[in-house]
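Asker: Quick one: sequence plus predicted model below, questions after.
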Amino acid sequence: MDENLGKKILVIDDEAYIRDSVVGFLEDFGFDIVEAENGRIGLEQFEKFQPDLILCDLRMPEMDGLEVLAHVTKKNENIPIIIVSGAGNISDTVEALRLGAWDYIIKPIQDMNVLFHAVDKAFERKRFIEEKTRYQKELELANKDLKTSLETLEQTRDQLVQSAKMAALGELVAGVAHEINTPVGVGVTAASFLDAKTREFHGMYKAGELKRSELENYLTTVEEVSNSILINMERAAELISSFKQVAVDQSSENRRQFNLKEYMDEILLSLRPRYKKTNHRIRVSCDPDIELNSFPGAFSQILTNLIMNSLIHGFSGLENRAIEMDVTRKEGQVIFAYRDNGRGMDQKQKDKAFDPFFTTMRGKGGTGLGMSVVFNLVTQTLKGNIKLESEIGQGVVFIMTFPERWPEHRDDQ
């Protein structure tokens, strides 16, 4: 009975002997009982005491049970209401259940255990509803926290991806700047040498000491040095042009028409400082007529990440390795096969290869974003798909398929 202490029940019935028997029975089980002899007084007691359950007769003076039911459920639809109905009031009982009554008991109540069972069942159902409501609120709060955490994670991921992209671009700038220094340095040295020879030649000319042999030597020197300057400046201009296009594409999200083979050559030229001092080789086989209407920046990031992944991870500690790229097209689709003969991956690494933040070089500068970026760029930006094949000691194979022309009908262009 202790479990019933504090539970308040409002009994509304105009027949005193029935009300007394119900009140006495329920009090014996530890319930706190409030009485009312008609519907109007019952509503007053309801407002005053806020009971946990209501037992209500249907046929009463001043205000019947259906009116009481309507008023109570309007105030609190979760309060249990058990209708006590005469055997001849079945239609009213059905109406009461339709209006929100939880249960009904036929009177006169010949077995009080029926009353106790109805009350106990109503309180159990109420407890389940309250638990469900509490769980629902907790779930909504947890979902809200989860959504906030997810948004924070996505923002952090985007920031890390952007940082990784800009870091790669920074390395590209440093590498190309170093590469440009060589032809520019040669050109400056040659120009300085030519300037000195010209001054010397001009001095002899003004002094009237110029000989035919000296003129021929000067002209030969001018020809050789100017040719050297031209070659080195053209080399620098080529590097700058390739770097400029690749850098602009990587830092923008614009779509344009471009020749795939020519663009791959520009990307490889920009990446050359990263692999030229190794004994690794890169071979490209690509139809020179493939014209893409797509996002060159995305393609540049994909190719850069794949090559750097091979150099840093696949070829770590290995010598004389190779990267091969075979590009074909079929029915409007470009099929890009990227292979290296490096270390390869075990099954666990292969399963997680495209997961964000997965890296085999944790603590050694690896962010674990490279292959995740590749996957998203191929599937989301280029509207294609990518497959990975690899075994330990057998290198990796990435097969990417994407349309030659980016689908114009997509909403997310």
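Answerer: That came through, no problem.
Asker: Where do the strands of the stretch 51-200 of the chain begin and end?
Answerer: 53-57, 81-86, 103-107 (DSSP state E, counting those that start in this stretch).
Asker: Deepest in the core, which of those is it.
Answerer: Mean neighbour counts were compared across the strands of the stretch 51-200 of the chain using mean count of other C-beta atoms under 10 Å; the top stretch is strand 53-57, at a mean of 26. Where C-beta positions appear, they are placed from N, C-alpha and C, glycine not excepted.
Asker: mind listing what that strand pairs with, with the direction of each?
Answerer: Here strand 53-57 has these sheet partners by DSSP bridges: strand 8-12 (parallel), strand 81-86 (parallel).
Asker: per-residue confidence averaged over the host helix or strand of Arg274?
Answerer: Element membership for Arg274, per DSSP states H and E: helix 260-275. Along helix 260-275, the predicted local confidence has a mean pLDDT of 84.
Asker: how about low-confidence regions in the protein?
Answerer: In the prediction, the chain carries residues with pLDDT under 70 at positions 1-2, 87-88, 156-179, 181-182, 238-253, 356-369, 408-413.
Asker: Help me confirm that Val284 comes into contact with Met325.
Answerer: Yes: with contact defined as C-beta atoms under 8 Å, Val284 counts as touching Met325 (4.9 Å).
Asker: So which of these two has more stuff around it?
Answerer: Neighbours of Val284 and Met325, each counted by other C-beta atoms under 10 Å, are more numerous for Met325; the result is 20 against 15.
Asker: Contacts only, for the more buried one.
Answerer: Met264, Ile282, Arg283, Val284, Ser285, Cys286, Phe336, Ala337, Tyr338, Arg339 (C-beta atoms under 8 Å, 6 or more residues apart in numbering).
Asker: Ok, Asn254 next?
Answerer: By C-beta under 8 Å, 6+ apart, the contact list for Asn254 reads Phe295, Gly297.
Asker: what domains does the record give for this structure?
Answerer: The chain is divided into the following domains under automatic domain parsing: 2-110, 252-403.
Asker: Do a quick rundown of the helices in this structure.
Answerer: For the chain, the helices defined by DSSP state H occupy 16-28, 39-49, 65-75, 90-99, 112-207, 212-250, 260-275, 296-309, 347-352, 370-376.
Asker: With mean neighbour count and distance to Ser316 as extra columns, can I get the ones you listed in JSON lines?
Answerer: JSON lines is the format used below for the helices of the chain (neighbours: other C-beta atoms under 10 Å; distance: least, C-beta to C-beta, whole Å):
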{"stretch": "helix 16-28", "mean neighbour count": "15", "distance to Ser316": "80"}
{"stretch": "helix 39-49", "mean neighbour count": "17", "distance to Ser316": "78"}
{"stretch": "helix 65-75", "mean neighbour count": "18", "distance to Ser316": "72"}
{"stretch": "helix 90-99", "mean neighbour count": "16", "distance to Ser316": "75"}
{"stretch": "helix 112-207", "mean neighbour count": "13", "distance to Ser316": "17"}
{"stretch": "helix 212-250", "mean neighbour count": "15", "distance to Ser316": "25"}
{"stretch": "helix 260-275", "mean neighbour count": "19", "distance to Ser316": "13"}
{"stretch": "helix 296-309", "mean neighbour count": "23", "distance to Ser316": "11"}
{"stretch": "helix 347-352", "mean neighbour count": "14", "distance to Ser316": "14"}
{"stretch": "helix 370-376", "mean neighbour count": "21", "distance to Ser316": "14"}
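Asker: Looking at those, spot the one closest to Leu58.
Answerer: helix 65-75 (3.8 Å; C-beta to C-beta).
Asker: what's the closest one in contact with?
Answerer: Under the contact criterion C-beta under 8 Å, 6+ apart, helix 65-75 has outside partners 12, 39, 42-43, 46, 54, 56-59, 79, 81, 83, 92, 95-96, 99-101.
Asker: about what we covered before: possible to save the domains of the chain as a markdown table with distance to Val188?
Answerer: Rendered in a markdown table, the data for the domains of the chain read as follows (distance: least, C-beta to C-beta, whole Å):
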| stretch | distance to Val188 |
| --- | --- |
| domain 2-110 | 87 |
| domain 252-403 | 20 |
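Asker: So Asp103 sits against Lys121, correct?
Answerer: Yes: counting by C-beta under 8 Å, Asp103 sits close enough to Lys121 to count as a contact (7.0 Å).
Asker: From Thr148, how far off is the spatially most central residue of the chain?
Answerer: Nearest residue to the geometric centre of the chain (C-alpha atoms, centre = their mean): Glu154, 5.5 Å. Relative to Thr148, Glu154 is positioned 11 Å away (criterion: C-beta to C-beta, to the nearest Å).
Asker: cool, Glu404 as well?
Answerer: Following C-beta to C-beta, the distance that separates Glu404 from Thr148 is 42 Å.
Asker: Over to Thr198?
Answerer: Applying C-beta to C-beta, one obtains 72 Å for the distance of Thr198 from Thr148.
Asker: Ok, Arg256 next?
Answerer: Applying C-beta to C-beta, the value for Arg256 to Thr148 is 38 Å.
Asker: now swap in Met308 and tell me
Answerer: Counting by C-beta to C-beta, the separation of Met308 from Thr148 is 34 Å.
Asker: and if you look at Phe336?
Answerer: Here the criterion is C-beta to C-beta. By it, Phe336 lies 39 Å from Thr148.
Asker: Contact partners for Gln394?
Answerer: Residues Asn341, Gly344 are the ones in contact with Gln394 under the rule C-beta under 8 Å, 6+ apart.
Asker: Let's see that with 6 Å instead.
Answerer: Gly344 (C-beta atoms under 6 Å, 6 or more residues apart in numbering).
Asker: Repeat that for the one 5 residues further on.
Answerer: Contact criterion C-beta under 6 Å, 6+ apart gives Ala337, Lys387 as the residues in contact with Ile399.
Asker: Check Gly187 too.
Answerer: Contacts of Gly187 (C-beta under 6 Å, 6+ apart): Ile229, Asn232, Met233.
Asker: Now the second one: closest residue in space, sequence neighbours ignored.
Answerer: Going back to what we said before, that points to Asn232. In space, and not counting its chain neighbours, Asn232 is closest to Pro183: 3.7 Å by C-beta to C-beta, 6 or more residues apart in numbering.
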